[in-house]
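Trainee: need a 3D model of the sequence below.
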Amino acid sequence: MTEEQEARMNRMAKALAAIMVWADAYPLNVFPEPDEEYCRRAGVLLKTHDMTLDRLSAATARHVVTGVARIAREALG
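Mentor: The predicted structure follows:
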């Protein structure tokens, strides 16, 4: 393996480790998965203030995917 290949492999390994940190950031034992009733109640509460659960969910998903993409871009150069 060339030095360049080894450096690339090291960057990829670091990137994967960083992505795993993201994946483990919100463990179920600390942040349990909301059930249907929980989501329904949250939807009612948000709707009262002209907000939607979909918009908040999309923003959260976008934040995570953007963070993972940043890690991948940095690793890929």
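Trainee: and Ala42, how many neighbours?
Mentor: By the measure other C-beta atoms under 10 Å, the count of residues near Ala42 is 14. Yep, even glycine has a C-beta here, placed from its N, CA and C like the rest.
Trainee: ok, Glu6 - contacts?
Mentor: Counting by C-beta atoms under 8 Å, 6 or more residues apart in numbering, Glu6 makes contact with nothing.
Trainee: that one: which element?
Mentor: Assigned by DSSP states H and E, Glu6 falls within helix 3-23.
Trainee: hmm, Met9 is touching Met1, no?
Mentor: Yes - Met9 lies in contact with Met1 (C-beta atoms under 8 Å); the separation is 7.5 Å.
Trainee: and the two? Which one has more around it.
Mentor: Counting neighbours by other C-beta under 10 Å for Met9 and for Met1 shows that Met9 has the greater number, 11 against 8.
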